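[1] Quick one, fold the following:
(one chain, ligands or ions: 1)
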Amino acid sequence: METNTTTPSSSFITTRRNPYRKARSTALYNTSRLPSQPASSSQLPEISSFPIQDILSEKIQQDSPTIAAAPPSPSPPPTHDSVLENLKVFLRIRPLAPLKASTKNAGDQNARSRTKNVWPQNPTKKNSVKEKKNTQKKSSESCITVSEDFRSVTLSPPFQLQETKRSKSEVYEGFSHVFSAESTQPEVYEKMVNPLVEDFLSGKSGMFAALGPTGSGKTHTVFGSPREPGMVPLTLKRIFKSAQGCDSQPSRRFYLSIFEICAERGKAERICDLTSDRPDLSMQQSTIKGLQEVPVHDVVEAELLIARALLKRSTAMTNSNSQSSRSQCIINIRGSTEMSDLENDDHSNSAVLSIVDLAGAEREKRTGNQGARLAESNFINNTSMVFGLCLRSLLEHQKNPKKALQKHFQNSLLTRYLRDYLEGKKRMTLILTVKSGEEDYLDASYLLRQASPYMKIKFTNIESQPNLPCNKRQIQTTSKAEQSKRMKLDNLDAAMIEKKTAGDENRLPDEGDLTTCGADLKSITPLKLNSDDLMKERTYQITQRFAKALWNVLKQHNEKLKVAESENQILRENLRNEKKKSMEMEKELKSLRSCCTCSKDNSVASTVVKVVENFESIVLSEGQKFCGIDVTKLDSDSSNHIISERSSCPRIFDSTPGEDQRNNTCSPEKVDPIPGKKQDMCSEALNQNIPSNLSGPECIDDNPETEAKVRNSEADASSPSICVSNENSQVCQIPESFPGTGNIHEDSSESNNVVAEHLDPNSHETVRLSDNESSISVQPCQQLGENNEDSLDLLVSHKDIEQTQQQDLVDDPESGVKPNTSCNSSKKEKPKRRLLPKSSILVREISIYDADENDKPKGNGGGKNLAASEKQRTQGSISLIRLLKNNLHL
Ligand SMILES: Nc1ncnc2c1ncn2[C@@H]1O[C@H](COP(=O)(O)OP(=O)(O)OP(=O)(O)O)[C@@H](O)[C@H]1O
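    Have a look, this model is predicted:
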């Protein structure tokens, strides 16, 4: 139930009890559940599901041209033995008003004997008249209605049974044909017996039997009357008529044998030959020993023989039938040729047409039999029951082969004799006879319920032994065809095996192979098959269809596999390229690491970078001091960092104006107590490499003239300067640009001692910092001239710095760094800075940094300028690193 809410403001709640469900794809061979495939693979058509149901539902048609037989031969005439047919069951309804012309014309003696045997006899004429009246009344109502197609009947219970037993109408359908009460004997013969007779004439055995309650017309149907001859006389006419008309066929002979199986004294069964005066016959298996076969040459002779035999048949009068049969009567008509008689004395290859007139089942209440009649009735009913059990067992066995075929046939002579028919090995036709009166409803209902399922019985192994030469040829042809078919299949298998063994194991069999095989099979004339062959053919066709379907599926999978393999190759190639690229990148990274990262052992470049940074920080502090920034506010970490870097770098002079700063930077406690060998190594490295680098035009000039110039400039500046000198080669002179800043010298003359002299302009006080292993000395610049020639001098004056700053600003207008106006007041007082070639970059960075620091208070622009200056500084550092790297060959 669903409630729609169309308006958003509605307060209804939408509930959907049965939400829509999305259709799900079938699980079988559904590729949608498979993991996602590449796009190219998905472009292929989906692999169809395996049509196993279609394959298994294949039904084999008899005229299916798939059976191979070579060479093609003229097709034999159509026969019925190759058809898997059901047991034909006919139904005949006796008319309600019996005809006056009775078929009981067996003679007066038999009539008298029957009259003697019938008990109880009608005591008076009066009772017989009443019975006739009642019969006429009852006959006016029929309980059986035949359908329009004469294949089914509706059995309606009488009104009394409907009320008491609540019986309902029953419909029985599936009959081969239903003969109504108005049907005639020739009609029954044409539809029921004539096919059997034709088959008999073509050399095939057959049998038809009449079943039904007593008085229903079995004997009337089988034997008939002079006015209405039954199936036997009509069959004889047909047989001898065909024998006379067919002169081309070899002479044929027909033999008649008639016997009955009856109850001896109401107890044991016995076999009586009705064509001779022989005593009782015996039966071995299905053969009756001593049974006489009377050759007949024409219809009259055959009819006389049959008439005499019927005179001997046991009949009796009962309440249901004035001439009731008390035995099972069998008439055999065997047809053979002279050749077959000469070749086979046992007549095993002769066709036999058997006609069985069974004694009708009797109800004790209705017949009123007593004594011998009652014993006969028991025998009759027992035989009918065994006959029915045999057919029912056959039906159940055919429905479920696991159920064994019961041997009910052993329970009576009749079923033993008819064993092949009751086991479905020979063709058999049944005709059920019923009476249609209301008082016969129970008998009819019982018979139809018991016998109607028989029509589902199938003949699985129909005997087709003919007695004609043409049929023998057919059998031989069938055998050859089967052999040819087997040879074809064997050749196909051999070809497949050869192809496999030829080394082409991975190749799927071509479709042409199968089509060729199919064409070969189709080109051969179809054959009529029996049930076993049909089963084999069905299995073969299923196998063939299965192979085709399997081949198609494998073909589709093979195509997808090829696509996947190609994609896999592409991916592998890409992976290889990526691996190559990654290897190259790793190499570059390693080279960069080896270049950029200073190893703990001898990474001079990183050390130099750190030196530069330390130096920048020093100059920054100086610059900040110079610009009026309180240097004491500097982060102590930076100073510590600077000091710590000393342990792994060449001697660095750190000059700070404040006392505290001095203590932080220059106190013996803060100096790395273990300068170590690394420090020396770095110094040595610098000593070894730097001079070669300094030999260029930008290097420190070793020329005495230059030194003189420097000293002259120092004299002109008349201001103290800071000189940083390595014990071997490095001397850095930093101009003292602010009051209180003295000259700092790192004197190399004092080995392992660095003396720092902080010269107060007022008191010219010299501060000496000493270390156990090294010392930094700060001395007046006049002492620089006393250093050796290999020393690296860095002489920077305030004026030089100022000039450099201005030059940089002028030279690089894009730098955006504006001159600091706050520092203009001290321009005249600042000494000029002289840049030595190698350290010019550092000095320039220092100046830029100073300019940035000066620009800071200006606002946001200052930040941008600072970033630009940082970039320049970084570039400068990097360029210095590169220079060192290239020169040091790291
Ligand atoms: N189709 C029919 N048309 C006319 N009369 C019939 C027909 N069927 C049976 N009758 C008559 O009914 C009577 C009984 O028939 P019939 O003897 O053939 O029965 P039945 O089945 O052989 O009985 P039972 O088993 O006792 O021998 C006979 O007098 C016969 O003439």
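
[2] Could you report the neighbour count for Asn86?
    Neighbours of Asn86 under the rule other CB atoms under 10 Å: 14. Placement of C-beta: from N, CA and C, glycine included.

[3] again but with Glu303, I slipped
    Glu303 is flanked by 17 other residues according to other CB under 10 Å.

[4] what about it, which helix or strand?
    Here Glu303 sits within helix 299-312, counting by DSSP states H and E.

[5] And that helix, what's buried?
    Of the residues in helix 299-312, 299, 301-303, 305-306, 309-310, 312 count as buried by neighbour count, 16 or more other CB atoms under 10 Å.

[6] And the ligand, is it touching that?
    No. Helix 299-312 does not reach the ligand (CB under 6 Å from any ligand atom); its nearest approach is 11.8 Å.

[7] Looking at the longest helix seen in the chain now, give me its mean pLDDT.
    For the chain, the longest helix by residue count, based on DSSP state H, is helix 531-596. If you average the pLDDT over helix 531-596, you get 87.

[8] Which other helices and strands does that helix contact?
    Secondary-structure packing of helix 531-596 (3 or more CB pairs under 8 Å, 6 or more residues apart in numbering; DSSP states H and E): helix 39-42, helix 52-56, helix 511-522, helix 604-626.

[9] and the ones you listed, which one's lowest on average pLDDT?
    Looking at the helices and strands packed on helix 531-596, the weakest mean confidence is helix 511-522, a mean of 43.

[10] List the buried residues for stretch 425-441?
    For stretch 425-441, the neighbour count (16+ other CB under 10 Å) marks 426-438, 440-441 as buried.

[11] Please list which of these also come close to the ligand.
    Under the cut-off given by CB under 6 Å from any ligand atom, the ligand has Thr433 from these close to it.

[12] about what we covered before: not counting the helix holding Glu303 itself, show me its contacts.
    With CB atoms under 8 Å, 6 or more residues apart in numbering as the test, helix 299-312 has contacts from 106-107, 109-110, 223, 232-233, 236-237, 240, 254, 256, 258, 260, 272, 274-275, 294, 296, 329, 331.

[13] Using CSV, write out every CA atom in it.
    What follows is helix 299-312, C-alpha atoms only, in CSV (Å, rounded to 0.1, in the frame of the first residue of the first chain):
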residue,chain,number,x,y,z
VAL,A,299,-11.2,-68.6,-44.8
VAL,A,300,-13.8,-71.3,-44.8
GLU,A,301,-11.4,-73.9,-43.6
ALA,A,302,-10.3,-71.6,-40.8
GLU,A,303,-13.8,-70.6,-39.8
LEU,A,304,-14.8,-74.2,-39.6
LEU,A,305,-11.9,-75.0,-37.5
ILE,A,306,-12.6,-72.2,-35.1
ALA,A,307,-16.3,-73.1,-34.9
ARG,A,308,-15.4,-76.6,-33.9
ALA,A,309,-13.0,-75.3,-31.3
LEU,A,310,-15.5,-73.0,-29.8
LEU,A,311,-17.9,-75.9,-29.3
LYS,A,312,-15.4,-77.3,-27.0
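
[14] Pick out whichever of the buried residues of helix 299-312 sits closest to the ligand.
    Taking CB to the nearest ligand atom as the measure, the ligand lies nearest Leu310 of these, at 11.8 Å.

[15] before we move on, back to that, buried among the contacts of helix 299-312? Make that a ChimeraX selection.
    Buried residues among the contacts of helix 299-312 (16+ other CB under 10 Å), as a ChimeraX selection:
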select :106,110,223,232,233,236,237,240,254,256,258,260,272,274,275,294,296,329,331
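
[16] Confirm Ile431 sits in a strand?
    Yes. Applying DSSP: H, G, I helix; E, B strand; the rest coil, one finds Ile431 inside a strand.

[17] Name all residues that make contact with it.
    89-92, 188, 192, 208-211, 221.

[18] repeat that for 6 Å
    Contacts for Ile431 (CB atoms under 6 Å, 6 or more residues apart in numbering) come out as 90, 92, 210.

[19] Dump the helix or strand that the last one is a member of to CSV, keeping only the CA atoms.
    What that stands for is Ala210. Per DSSP H and E: Ala210 is located in strand 206-211. Taking Å, rounded to 0.1, in the frame of the first residue of the first chain, the C-alpha atoms of strand 206-211 are listed here in CSV:
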residue,chain,number,x,y,z
GLY,A,206,1.3,-59.0,-32.2
MET,A,207,-1.5,-59.7,-29.9
PHE,A,208,-4.7,-58.1,-28.9
ALA,A,209,-6.8,-59.1,-25.9
ALA,A,210,-10.3,-58.3,-24.7
LEU,A,211,-10.7,-57.3,-21.1
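
[20] Whether that strand contacts the ligand - can you check?
    No. Taking CB under 6 Å from any ligand atom as the criterion, strand 206-211 and the ligand are apart, separated by no less than 7.4 Å.

[21] Remind me what that strand packs against, helices and strands.
    Using 3 or more CB pairs under 6 Å, 6 or more residues apart in numbering; DSSP states H and E, the elements in contact with strand 206-211 are helix 194-201, helix 218-222, strand 351-357, strand 428-435.

[22] strands paired with it, and their directions?
    Next to strand 206-211 in the sheet, as set by DSSP bridges, lie strand 351-357 (parallel), strand 428-435 (parallel).

[23] got the residues of the stretch 251-400 of the chain near the ligand?
    Contact residues, the stretch 251-400 of the chain versus the ligand (CB under 6 Å from any ligand atom): 321, 323-325, 359-360.

[24] Now render the helices and strands packed on strand 206-211 as TSV, adding mean pLDDT.
    Shown next, in TSV, are the helices and strands packed on strand 206-211 (pLDDT from 0 to 100):
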stretch	mean pLDDT
helix 194-201	90
helix 218-222	93
strand 351-357	92
strand 428-435	92
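
[25] can you list the weak-confidence ranges in the stretch 151-300 of the chain?
    163, 165, 243-250, 265-267 (pLDDT under 70).

[26] so where do the strands sit in it?
    For the stretch 151-300 of the chain, applying DSSP state E, counting those that start in this stretch gives strands covering 152-155, 170-173, 177-179, 206-211, 252-264, 268-273, 282-284, 287-289, 294-296.

[27] strands paired with the last one, and their directions?
    Think strand 294-296. Paired with strand 294-296 in the same sheet, following DSSP bridges, are strand 252-264 (antiparallel).

[28] Now do the strand it pairs with: everything it contacts.
    Strand 252-264 has contacts (CB under 6 Å, 6+ apart) with 243, 269-275, 291, 293-296, 302, 305, 309, 313-314, 327-337, 376, 379, 413-414.

[29] Give me the angle between it and strand 268-273.
    Interaxial angle, strand 252-264 versus strand 268-273 (axes from the mean of the first three to the mean of the last three CA atoms, to 10 degrees): 150 degrees.

[30] Asn332 pairs with what?
    Legend: beta-bridge partners of Asn332 under DSSP bridges are Ser257, Ser354.
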